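> I need the structure of the sequence given here:
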Amino acid sequence: MPPAGLAGGSPGATGHNTVERADGAVEELSGVDQVEMRAGDVFVVETPGGGGYGPPDGREAADATESVPTGTNPRAHTAASTQEDIHDD
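As a prediction, the model looks like this:
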C-alpha cells in the first residue's frame, strides 16, 4: 500500500525488491519473501517514496519542474511517460 499524500497530494511509490541472479534471471520478491543468495547474485531494494503535498495540477509550471530532479512530483513522472511538456515556454 503506497504512502498517502496530504492536502490533495498524490500517493507515494511502494517499495520493490528483486534478486538479479548471476545467470541473468530476475526474481520478483514480495515484502515477506525469503530467498537464498549465491555468489554473484545481487539483491536490489527500491525504497518507497513519500506521498506528495498539495494537488500537483495546481502548481505553476516552474514549481513543477523544480521538483523533477528529485522525483517528488507525480506530474513530472506522468509527463516523462507520456512525452507531455510541463515547461512553460
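> got the contact list for residue 22?
38-41 (CB atoms under 8 Å, 6 or more residues apart in numbering). For every residue, glycine as well, the C-beta is placed using N, CA and C.
> what kind of secondary structure is it in?
The three-state label given to residue 22 by DSSP: H, G, I helix; E, B strand; the rest coil is coil.
> tell me how far it lies from residue 51.
37 Å (CB to CB, to the nearest Å).
> which of the contacts of residue 22 tops the neighbour count?
Of the contacts of residue 22, residue 41 is surrounded by the most neighbours, 15 neighbours in total, counting by other CB atoms under 10 Å.
> tell me if I'm right that it and residue 21 touch.
Yes - in terms of CB atoms under 8 Å, residue 41 counts as a neighbour of residue 21; the distance is 5.4 Å.
> rewinding a little: need the contacts of residue 22 in CSV (columns: pLDDT, secondary structure and distance to residue 3).
Formatted as CSV, the contacts of residue 22 follow (pLDDT from 0 to 100; DSSP: H, G, I helix; E, B strand; the rest coil; distance: CB to CB, whole Å):
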residue, pLDDT, secondary structure, distance to residue 3
38, 95, coil, 33
39, 95, coil, 36
40, 95, coil, 34
41, 96, coil, 29
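> of those residues, which is the nearest to residue 17?
Ranked by distance to residue 17 (CB to CB), the contacts of residue 22 are led by residue 41 at 12.7 Å.
> next up, the contacts around that closest one.
So residue 41 contacts 19-22 (CB under 8 Å, 6+ apart).
> and the strands in this protein, which stretches?
Using DSSP state E, the strands found in the chain span residues 16-20, 26-29, 42-46.
> partners of the shortest one in the sheet?
Each strand that strand 26-29 pairs with, and the sense of that pairing, follows from DSSP bridges: strand 16-20 (antiparallel).
> quick one: the strand it pairs with to strand 42-46, angle?
Counting by axes from the mean of the first three to the mean of the last three CA atoms, to 10 degrees, strand 16-20 lies at 160 degrees to strand 42-46.
> that'll do, ta.
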